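In: build me a structure from this.
(2 chains)
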Amino acid sequence: MSLEGHLVLALLEGLVSSLVVALTALGLSLVFGVMRIVNVAHGEFFMLGAVITWYVSTAAGSFLPALIVAPLAVGALALVINRVVLRPIRYDPAATIVATIGLLYIIQQLVLTIYGPYARPVVPPFYFRVDLPWFGYSGYKLVVAGVAALLLVATWLLVTKTTLGLYMRATQQDRETALAFGVPVDRIYASAFALGAVLAALAGVLVVPEQQAHYLMGLDALLLSFMVVIIGGLGSLPGTVAAAFLIGMTDGVVSVFFSPTLARIIASGLVALVLVWRSGGLFGDAAA
Amino acid sequence: MPDGKISRREVLKTAGALVGAGLAGKLAGYLPTASGPGAVAQAAAPSGTPVRIGFEVHRTGIGAVYGKWFEQTTTATVKLINEMGGIAGRPLEIVAEDDGTDPKRGVEVVEKLALQEKVDVIFGTLFSNVVIANAPRAGELKIPYFVVSEGYHVASGKLNRYVFQPGITDVRAQVTAIAPWIIKNLGKKVTMVYPDYAFGYDHRDFFGQAAAKLGGTVQALIPIPPTETSFTKYFSRIPGDTEVVYHVMVGPGVLTFVREMGEYFGSRKVKLFGFIDSLEGVDIASPGLEFLEGSYIWEAFPRYAGNVNTMAERNYRQRVGVDASGASVADPKDVSTYSHMFGCWETLYVIKQAMEKSGYKSPTPGDYKALIETLEKIQRFDEGMEHPQGTKRFVGRLHQSFGRQFISQVQNKKLKVVYMTKIEDGMYPPEADYTTQPL
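Out: Below you'll find the model as predicted:
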């Protein structure tokens, strides 16, 4: 294969993975930004999105209902978790980490018990192969990238242009003052947590026709999300997207031209460098 | 929220530890074993103190699909053994314990089974990283440990005299047996795609050696990290004139791997030879596997009924609860790990045979010595109810069995056996001799 061929492949792979990772990480970043908590169970919302998609698409015989049902179901679960777990511990940061670690295992093991240990495939809603001069590429992957980009824009509009978004930003800046101005902080917390879960679930729904639903798939999603938000700056949405592109494109190019293992090493090295030199992340507020 | 900010470092430490633990769990190797006994005891109901076999099982973690089926097979075998008189007239009892497919927990399970449960012997365990971690501890505790793993670690001599793999052929023998067929029928220029850990390296090393002897060339080696979820980027490293892509992948990414390979190559003709390890627990008719149609796959024991037409095979299939397509009788979506789990059945029959022959009574050093020395002297296990996969040659100094292998073609989304090796095809000069180690 020629150099252009390799380059096109590297950029395509990088683009697709950047957008999906950005979508997954955005929820984690949003939850941290607004609520100042770290949701260790974030990857499990991603996994639940994928697993529910398998159930729904198997029962309905089509993928599309899952696109609605799975995020709503996961969002509803997040609301319940917020009410019965996070609120009673008053969103205490350390307690939240421990509680969400517990949730991670509870969700994972429940899925193992009910859904089983299998990696089950979901039929994509459509299928076509894009024939490039050098190689073929999955059309579905390109559509996933497009949809992920649209969802990122939609989230951005929600946060910057709506009242809910205004409340979220106000809560993020100063919870007490926001409360004093009549911002329903409790409900904003619930919405932010649910929105974060919905974004993760949507990413799960979108990738499952490419990856299969498996009860451990949330771990990778969590790892990548953490890398992205650490580099981008926890709580910074533009930082999250920028870092996702940095990691995704580096991964694409280095994987194709050198080796995927080297790409992982570089990404982990980047995380270490950011922590040492700029612990707030590239776009973060101050060092936390 | 703000009663406290979390430092980024704490967040990271926690997240890192968690994710690290999860990922470590995913890095796994693989292996199975098999062997078998002879006489069928048509005895009265077993009585007396039960023989207790500790069963270390991958109920959770990355090996959970295998664990589920290893457990189902074990339960079926124990039921049959007890129906037919037990072991030397004593009932057989299984003490099962989950190891999470985790080497660290595996060692704890070995200790718990040996010291707390005081079982007679330990058996089970597929993933090679877990086996390799467990084996030294079993040796220290001086308790016989029967693995059903398929890795070359037992026969390599790296483990110790207490560890046996009598129920399944090791990967070196598998690869040695089928390499000539691949080079002769598919092509001489081969690219290998394999998982980037010990199990993959066994494939790389032993297929590479075998291919070179037959005039084949391995043109490119493509190791894939075990946590990979996207594979297209690796395919650019497959040379344009490669004739055969040899793929062995383990883990949940296999469907993606095959589909992306199909998308990448399109109509370009490249012959595929794969290992069923990638597709254990996966329906061959799954969407996305269309690209495998016409390609060839190694099987240790053919998944689809009718390929091995013996009464022993039918009896085994029915007792374990597997239908003609290799899925659970109870749920056709629940596809078995047919090419590995027979190793549990056959290993339990080997334990029974060795215990009965050696006059084993209780977990004492004397009885263990007799058990181990008796087993080391056995040279073959004949095909039959106890050994449905086929006759095995057992090499006592290696603690390893050797059996026949199958090559199947994907035809109409099913696997059809097209070639069967002889046992001798896979045998290699032994490098180890466990019988010289003290007990």
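In: in the strand or helix carrying B:Gln318, what's buried?
Out: If you go by DSSP states H and E, B:Gln318 is part of helix B:311-320. In terms of neighbour count (16 or more other Cβ atoms under 10 Å in any protein chain shown), helix B:311-320 has its buried residues at B:Ala312, B:Glu313, B:Tyr316, B:Arg317, B:Arg319, B:Val320. Heads up, the C-betas are built off the backbone N, CA and C, glycines and all.
In: surely the fourth one is in contact with B:Gly306?
Out: So that's B:Arg317. No. Applying Cβ atoms under 8 Å, one finds B:Arg317 not in contact with B:Gly306, separated by 10.6 Å.
In: in the chain, where is pLDDT below threshold?
Out: In the absence of a named chain, this looks at chain A. A:1, A:284-288 (pLDDT under 70).
In: chain B is the one I meant
Out: In chain B, residues with pLDDT under 70: B:1-43, B:250-251.
In: wait, does the lengthiest helix in chain A contact chain B?
Out: The helix that spans the most residues within chain A, counting by DSSP state H, is helix A:3-35. Yes. Judged by Cβ under 8 Å from any Cβ of the partner chain, helix A:3-35 comes into contact with chain B at A:Gly5, A:His6, A:Leu9, A:Ala10, A:Glu13, A:Ser17, A:Met35.
In: which helix or which strand is home to A:Leu275?
Out: Going by DSSP H and E, A:Leu275 is in helix A:260-277.
In: that helix packs against which elements?
Out: helix A:217-232, helix A:237-257, helix B:8-26 (3 or more Cβ pairs under 8 Å, 6 or more residues apart in numbering or on different chains; DSSP states H and E).
In: what residues are up against the residue of the stretch 1-150 of chain B found nearest chain A?
Out: Residue nearest to chain A within the stretch 1-150 of chain B (Cβ to the nearest Cβ): B:Ala64, separated by 3.1 Å. By Cβ atoms under 8 Å, 6 or more residues apart in numbering or on different chains, the contact set of B:Ala64 is A:Leu112, A:Gly116, A:Pro117, A:Tyr215, B:His58, B:Thr101.
In: and those as a markdown table, adding secondary structure and neighbour count?
Out: Output for the contacts of B:Ala64, formatted as a markdown table (DSSP: H, G, I helix; E, B strand; the rest coil; neighbours: other Cβ atoms under 10 Å in any protein chain shown):
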| residue | secondary structure | neighbour count |
| --- | --- | --- |
| A:Leu112 | helix | 18 |
| A:Gly116 | coil | 18 |
| A:Pro117 | coil | 25 |
| A:Tyr215 | coil | 27 |
| B:His58 | coil | 27 |
| B:Thr101 | coil | 27 |
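In: nearest to B:Gly89, out of these: which one, please.
Out: Distance to B:Gly89, by Cβ to Cβ, is smallest for B:His58 among those, at 32.0 Å.
In: surely the closest one is in contact with B:Thr101?
Out: Yes. Counting by Cβ under 8 Å, B:His58 does reach B:Thr101; the two are 4.4 Å apart.
In: quick check: phi and psi at the closest residue to B:Ala327 other than its chain neighbours.
Out: The shortest distance from B:Ala327 to any non-neighbouring residue, by Cβ to Cβ, 6 or more residues apart in numbering or on different chains, is to B:Val335 (4.7 Å). The phi and psi values for B:Val335, taken as degrees, to the nearest 10, are phi -90, psi 140.
In: gap between B:Val335 and B:Ser286?
Out: 9 Å (Cβ to Cβ, to the nearest Å).
In: of those two, who's got more company?
Out: Between B:Val335 and B:Ser286, B:Val335 has the larger neighbour count (other Cβ atoms under 10 Å in any protein chain shown), namely 25 against 21.
In: so who does that one touch?
Out: Applying Cβ under 8 Å, 6+ apart to B:Val335 gives the contacts A:Tyr118, B:Glu280, B:Gly281, B:Val282, B:Asp283, B:Ser325, B:Gly326, B:Ala327, B:Ser328.
In: what about the nearest residue to the second one once chain neighbours are set aside, how many neighbours?
Out: What sits nearest to B:Glu280 in space, not counting adjacent residues and going by Cβ to Cβ, 6+ apart, is B:Thr337, at 4.0 Å. Applying other Cβ under 10 Å, we find 27 other residues in the vicinity of B:Thr337.
In: if we can go back for a sec, output the helix holding A:Leu275 as PDB, nothing but the C-alphas.
Out: Extracted as PDB, the C-alpha positions of helix A:260-277 are listed here (Å, rounded to 0.1, in the frame of the first residue of the first chain):
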ATOM      1  CA  PRO A 260      -0.400   0.300  18.300                       C
ATOM      2  CA  THR A 261       1.500  -0.500  21.400                       C
ATOM      3  CA  LEU A 262       3.700   2.500  20.800                       C
ATOM      4  CA  ALA A 263       0.600   4.600  20.400                       C
ATOM      5  CA  ARG A 264      -0.600   3.500  23.900                       C
ATOM      6  CA  ILE A 265       2.800   4.200  25.400                       C
ATOM      7  CA  ILE A 266       2.700   7.700  23.900                       C
ATOM      8  CA  ALA A 267      -0.800   8.400  25.200                       C
ATOM      9  CA  SER A 268       0.100   7.200  28.700                       C
ATOM     10  CA  GLY A 269       3.300   9.300  28.600                       C
ATOM     11  CA  LEU A 270       1.200  12.300  27.600                       C
ATOM     12  CA  VAL A 271      -1.000  11.800  30.700                       C
ATOM     13  CA  ALA A 272       2.100  11.600  32.900                       C
ATOM     14  CA  LEU A 273       3.600  14.800  31.300                       C
ATOM     15  CA  VAL A 274       0.300  16.700  31.800                       C
ATOM     16  CA  LEU A 275       0.100  15.600  35.400                       C
ATOM     17  CA  VAL A 276       3.700  16.700  36.100                       C
ATOM     18  CA  TRP A 277       3.800  20.000  34.200                       C
END
